[in-house]
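Visitor: Structure, please.
(chains A and B)
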Amino acid sequence: MLTRLRALGARLRAAFGRRDDDRDFEDELRSHLAMLIEDHVRRGMPLDEARRAASIRLGAVTALKERYREVQGLPLVDTVRQDIRHGLRALRRDAGLATFVILIVGIGVGASSTVFGTVHALLLRPLPFADPDRLVWIRNDTGAGLSGETVQVGHVLDFRERAGSFVDVAGYMAFYGAGDRTLTGAGEPERLTEVPVSGNFFSLLGIRPALGRLFTADESQWNGPRAVLLSHQLWTRRFASDPAIVGRSITLNQDAVSVVGVLPASFDFGAVFAPGTRVDLYAPFPLGPETNGWGNTTSLVGRLRPDATLSRAQAEASAIGGRLMREHPGRNRFRPVLSTLRDRVSGPVRSAVWLLAAAVGMVMFIVCANLSNLLLARSTSRQREMAIRAALGAGRRRQMQQVLTESLMLSSGGAVVGLLLTIAGTRFLAQLEAINIPLLAAVRLDATVLAFALAIATLTGVAIGLMPAFRVSALAPHRVLNDSARGTSEGPAHGWTRRVLVVSEIALACMLLAGAGLLLRSFTRVLDVDLGFQPESAVAIRIDPDARYATQDHRNAYFDDTLQRIRALPGVDAAGLTDTLPLGRNRSWGVSIPGKVFPPNDAPNAFVRVVSDGYVAAMGIPLIAGRDFAPSDTSSSAPVVVVNDTFARRMWPGEDPVGKTLRTDRPERRVVGVVRDVRHLALERDAGLEIYLPIRQTNDYPSVELVVRGSRSASDLASLIGSALTAVDAGRPVRDFRTLQALVDRSVSPRRFLVVLLGAFAGFALILAALGIYGVIWYAVKQRRQEIGIRLALGASPRGLQAGILLQTLRLVAAGVTIGFIAAWILGRLIRGLLFEVTPWDWATYAAVVVVLAIVAALAGYLPARQATRIDPLKALRAD
Amino acid sequence: MAPAQSDILQGTLDLMVLQTLEVMGPMHGYGLARRIEQISEDALRINQGTIYLCLVRLVQKGWIKAEWGTSENNRQAKFYSISKSGRRQLAAETRNWQRIAGTIGRLLQLGPRG
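Guide: Numbers count the residues shown, from 1 in each chain, chains lettered A, B, ... in the order given. Model (predicted):
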């Protein structure tokens, strides 16, 4: 053992301190030779014969030195160094090719590592909580929308006590409003988002505060001491990471609230529970009779006991839900449905992310096939060099090693480019705050992604070098040296390999194009959806009346004043108020129609909007029948309601809905108008039942948004409105304008994200496939130079030759497209869930793919074909 | 790559070098080559250069030491001498060799005649 170690040490020293050693050995051999010659001469040989005899006796010095180096140093280190030096020289000769390969590998590695980073963050990496596998999402299955999926507080308390499968159950108030809190005091007033959470919420997730403490039981009581926890982001941004903030009080909505702690940077509520939103503050949500009166409010998370399984917990939960509903008929219904928190978070994006991963895998395959082909062609043109090296005694493994070293050098260059791209890519993805995809902010280049990138780069290097390496080592030197002297065409086997590679490239590109095409068609279909409102040229801003407007009359006066001022502004066409903008929060109420009976499980639930007069005009929602609300619809006038088209047709088919009555928050509201359906939940989902209540007749609005439609640009409108609002009330934030278009963009952002990425991959694949076709045809033409020359000399028409070559190209494409379509059809069925109003066998998409591929392929084949017909027969026959 | 048969040869050559150095004291490569040729009565005609591959291996293992010096003919040459661990190795190898030689010898005597 010791001996071996010592030998290894000596070898390592020798491997890296070469020169002296070499000279030393040369000296030694020289002295040996001299002594040998002396001996021979002494025995009477003439001097030059003695020299000859001596060198024979000693053996071939070069070979000896070679073997000496092998023994002396570490052969691998040594030969690799040699190969790298040689490779660098070879690559410098082919600088263009090397740059091309490095770029392609770089793009491939960058794309696949970025996508891997996304897969890792969204699907593989454990959620950023303690023991996240035991966390369970408890959804209420009592209707569409958030109102149907949340749980009433009374049920929460009872469930928590009875459910034996859970260590604990916690929740948050799901109807928090984005920007509900206004922070005043030092600096400009700012709207912040606060999520009320149950007292045990953070401890259940295993989140410890970075500073201070979590809420006390006292603070979690109704009317308990007011306390908030700050998000790390708010703390650093607004409070300059001041640790003294803990224990101080801040002013929220004109109330003093004390800051009890700061959460760690790793906790991002939005990323997990509300993708695409930023949460700044957390307040205690008291679980008691008062909040029980609010109806369905709470989203629940439970932590399973170590011995409990999801299915057993589900069985128990269902039983408890049933019993609770019987015991408390006065409460809302409670049908708990359990899923792992992971599923709830990643489930909606899982298929899209896997699709991206598959796509990038295909791209990577094309990259490898393409570069393998390219290097194969190059190795053919270097056959003679290799054959000479083999003839001079380079061993088979040594030759393979050299070819592989070259391809690995190329892929290492690609790895560097790829890593830079990955850094850029992951940064870019992580900052896409506006995109509705959970955990996207957690995408980053960590050790796992780095390892993946390096592994992919190495694999690519081996994959693209393997075929040329085998090729080279399989050569018999004498044959190559004989054959290529007359530029004979290559054997059928290798042409075949190349063709198979190109056909598979085309097939994969075809599949990717078809997939991207189907998603693109879905995307345009989604954008073409009739939203029911006009998102163009309208902006919105929060203008909640604060505590100073104590009574409904005060608030109504505030609304009147504001609307009047805004409508008087130049360029404003319409203005109105709403409690909820489309494609945001949703809530629904049960509605009944006097004189109609519905089955208990199918009682109508309608999305509720509380709006002012002018809202439908400001949104661009067409009024179908009756009238809009008027400023005179107040608490002292008759209760009225506006319904949507679907509501009117489902409740009163074939009748005039105007003048009918319905029952919801008031015993009786009379329908005064019917408006067009609005897609409130998502562009892809039908409107369902919608009702609009006049804002002056109810107090049930958590927030107020002002919507203004005007002929000016959004920024002009915003500054005009801002100054008008400041005139009404100086102490309010007037900066958070949103355009309605931004709401729509946000809502389609995941789909756009997928389409853009997949489209980019498909485009890249198409370019690579085109290059692949070009390479194969170009190479075939080059190999046939002499044959073509002879044909031309014998009178073949250039046109006919061109046609022949193009035909060859199209045969490749036809084969690729056939395979590709079968694969695309399978792919289409797999991603059916991602499609919208497009079938997986959408003929228009496939036709477009064929046309695109045919054009690109024809172009890729035409260039070398043109070259072929320009061959000068004389030159071609003489050359080589 | 070196052919597989060299393992035995290598071991034999190592042993010969060690034994020669042990008996004759420090020698240079040429001297060693001559000496081994003489002893083996040219049964082992190798390229003399091969001896250096053996020498560098033995140096690496620490069994012999090398030092530049002046030969009897006033020529610069590298002199090799056996080290302490080389002696130990030689002893072990000698025992081993004798045991194997004895075993093989007995085995061969058992041939068809026995």
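
Visitor: Please make it C-alpha for all contacts and neighbour counts, starting now.
Guide: Noted.

Visitor: I'd like the distance between A:Leu310 and A:Gly722.
Guide: For A:Leu310, the distance to A:Gly722 (Cα to Cα, to the nearest Å) stands at 52 Å.

Visitor: Just say helix, strand or coil for the residue nearest to A:Gly171 when sequence neighbours are not counted.
Guide: Spatial nearest neighbour of A:Gly171, excluding adjacent residues (Cα to Cα, 6 or more residues apart in numbering or on different chains): A:Leu300 at 4.3 Å. Under DSSP: H, G, I helix; E, B strand; the rest coil, the three-state class of A:Leu300 is strand.

Visitor: What's the local residue count around A:Leu300?
Guide: 24 (other Cα atoms under 10 Å in any protein chain shown).

Visitor: Residues in a beta bridge with it, which ones?
Guide: Note on A:Leu300: beta-bridge partners A:Ile138, A:Gly171, judged by DSSP bridges.

Visitor: Please list the residues of chain B that sit near chain A.
Guide: Contact residues (Cα under 8 Å from any Cα of the partner chain) of chain B with chain A: B:1, B:29-30, B:47-50, B:52-53, B:56-57, B:60-62, B:75-78.

Visitor: Which ones among those map onto helices?
Guide: Applying DSSP state H to the residues of chain B next to chain A, the entries found in helices are B:Gly29, B:Tyr30, B:Thr50, B:Tyr52, B:Leu53, B:Val56, B:Arg57, B:Gln60, B:Lys61.

Visitor: So A:Gly224 versus A:Phe836, what's the distance?
Guide: Distance of A:Gly224 to A:Phe836, computed by Cα to Cα: 49 Å.

Visitor: the more surrounded of the two?
Guide: A:Phe836 (17 against 13).

Visitor: sec struct for that one, please.
Guide: coil.

Visitor: And A:Leu419, by the same measure?
Guide: Strictly by three-state DSSP, A:Leu419 counts as helix.

Visitor: Find me the pLDDT at it, would you?
Guide: What the model reports as pLDDT for A:Leu419 is 90.

Visitor: Might you report the residue contacts of it?
Guide: A:Leu419 makes contact with A:Gly106, A:Val109, A:Gly110, A:Leu450, A:Ala453 under the criterion Cα atoms under 8 Å, 6 or more residues apart in numbering or on different chains.

Visitor: Can I get the residues you listed in JSON lines including secondary structure and distance to chain B?
Guide: Converted to JSON lines, the contacts of A:Leu419 look like this (DSSP: H, G, I helix; E, B strand; the rest coil; distance: Cα to the nearest Cα, whole Å):
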{"residue": "A:Gly106", "secondary structure": "helix", "distance to chain B": "36"}
{"residue": "A:Val109", "secondary structure": "helix", "distance to chain B": "36"}
{"residue": "A:Gly110", "secondary structure": "helix", "distance to chain B": "39"}
{"residue": "A:Leu450", "secondary structure": "helix", "distance to chain B": "37"}
{"residue": "A:Ala453", "secondary structure": "helix", "distance to chain B": "34"}
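
Visitor: Spatially, which two of those are the most separated?
Guide: A:Gly106 and A:Leu450 (13.8 Å; Cα to Cα).

Visitor: between those two, who's got more neighbours?
Guide: Neighbour count, other Cα under 10 Å: between A:Gly106 and A:Leu450, A:Gly106 has more, with 26 against 17.

Visitor: longest helix anywhere in chain B?
Guide: helix B:84-109.

Visitor: Run a quick neighbour tally on residue 99.
Guide: By default, I'm working from chain A. If we define neighbours as other Cα under 10 Å, then A:Thr99 has 16 of them.

Visitor: Chain B was what I was after
Guide: The tally of other residues near B:Arg99 (other Cα under 10 Å) stands at 12.

Visitor: Low-confidence regions, the stretch 51-200 of chain A specifically.
Guide: For the stretch 51-200 of chain A, the stretches with pLDDT under 70 are A:72-78, A:144-145.

Visitor: please redo it, this time with the cut-off set to 90
Guide: Residue ranges of the stretch 51-200 of chain A with pLDDT under 90: A:51-112, A:114-134, A:138-169, A:171, A:173-194, A:198-200.

Visitor: lowest-confidence helix or strand of the chain?
Guide: The chain I'm using is chain A. Using mean pLDDT, DSSP states H and E, helix A:477-483 stands out as the lowest-scoring helix or strand of chain A, at a mean of 58.

Visitor: any idea what sits nearest A:Leu408, other than its immediate chain neighbours?
Guide: A:Gly461 (4.4 Å).

Visitor: Shouldn't the one you found be within a helix?
Guide: Yes: checked against three-state DSSP, A:Gly461 lies within a helix.

Visitor: And the pLDDT for it?
Guide: For A:Gly461, the predicted pLDDT is 86.

Visitor: and it, what is it in contact with?
Guide: By Cα under 8 Å, 6+ apart, the contact list for A:Gly461 reads A:Leu404, A:Ser407, A:Leu408, A:Met409, A:Leu410, A:Ser411, A:Ser412.

Visitor: residue ranges with poor pLDDT in chain B?
Guide: B:1-25, B:27-63, B:65-78, B:85-86, B:89-90, B:92-114.

Visitor: hang on, isn't A:Ser592 packed against A:Leu662?
Guide: Yes: between A:Ser592 and A:Leu662 there is a contact under Cα atoms under 8 Å: 6.0 Å.

Visitor: What residues are recorded as beta-bridge partners of A:Leu211?
Guide: A:Val262.

Visitor: Neighbours of it, how many?
Guide: A:Leu211: 18 surrounding residues under other Cα under 10 Å.

Visitor: contacting residues around it?
Guide: A:Pro243, A:Val246, A:Gly261, A:Val262, A:Leu263, A:Pro264.

Visitor: Recalculate using a threshold of 7 Å.
Guide: A:Gly261, A:Val262, A:Leu263 (Cα atoms under 7 Å, 6 or more residues apart in numbering or on different chains).

Visitor: Look at the first one and say how many residues are nearby.
Guide: Put plainly, it is A:Gly261. A:Gly261: 27 neighbours (other Cα under 10 Å).

Visitor: Next one: it, what pLDDT does it get?
Guide: At A:Gly261, pLDDT is 90.

Visitor: Looks to me like A:Thr726 is in a helix.
Guide: Yes: applying three-state DSSP, one finds A:Thr726 inside a helix.

Visitor: Can you tell me how far it is from A:Ile566?
Guide: Using Cα to Cα, we find A:Thr726 at a distance of 11 Å from A:Ile566.

Visitor: Would you mind telling me which of those two has the busier surroundings?
Guide: A:Ile566 (22 against 13).

Visitor: Does the more buried one touch A:Ile721 like I think?
Guide: Yes: taking contacts as Cα atoms under 7 Å, A:Ile566 lies within contact range of A:Ile721: 6.5 Å.

Visitor: okay, now residue 61: neighbour count?
Guide: All of this refers to chain A. Neighbour tally, A:Val61, other Cα under 10 Å: 15.

Visitor: you looked at the wrong chain, it should be chain B
Guide: Around B:Lys61 there are 21 residues (other Cα under 10 Å).

Visitor: That one and A:Arg6 touch, don't they?
Guide: Yes: the pair B:Lys61 / A:Arg6 is scored as a contact, 6.2 Å apart, by Cα under 7 Å.

Visitor: Quick check: the gap between the spatially closest residue to A:Thr3 that is not a sequence neighbour and A:Phe166.
Guide: Residue nearest to A:Thr3 in three dimensions, not counting chain neighbours: B:Lys61, with 5.4 Å by Cα to Cα, 6+ apart. Here B:Lys61 is placed at a distance of 66 Å from A:Phe166 (Cα to Cα).

Visitor: circling back: now the buried members of the residues of chain B next to chain A.
Guide: For the residues of chain B next to chain A, a neighbour count by 16 or more other Cα atoms under 10 Å in any protein chain shown gives the buried set as B:29-30, B:48-50, B:52-53, B:56-57, B:60-62, B:76-78.

Visitor: Would you mind listing the two of the residues you listed that lie farthest apart?
Guide: B:Lys61 and B:Gln76 (24.6 Å).
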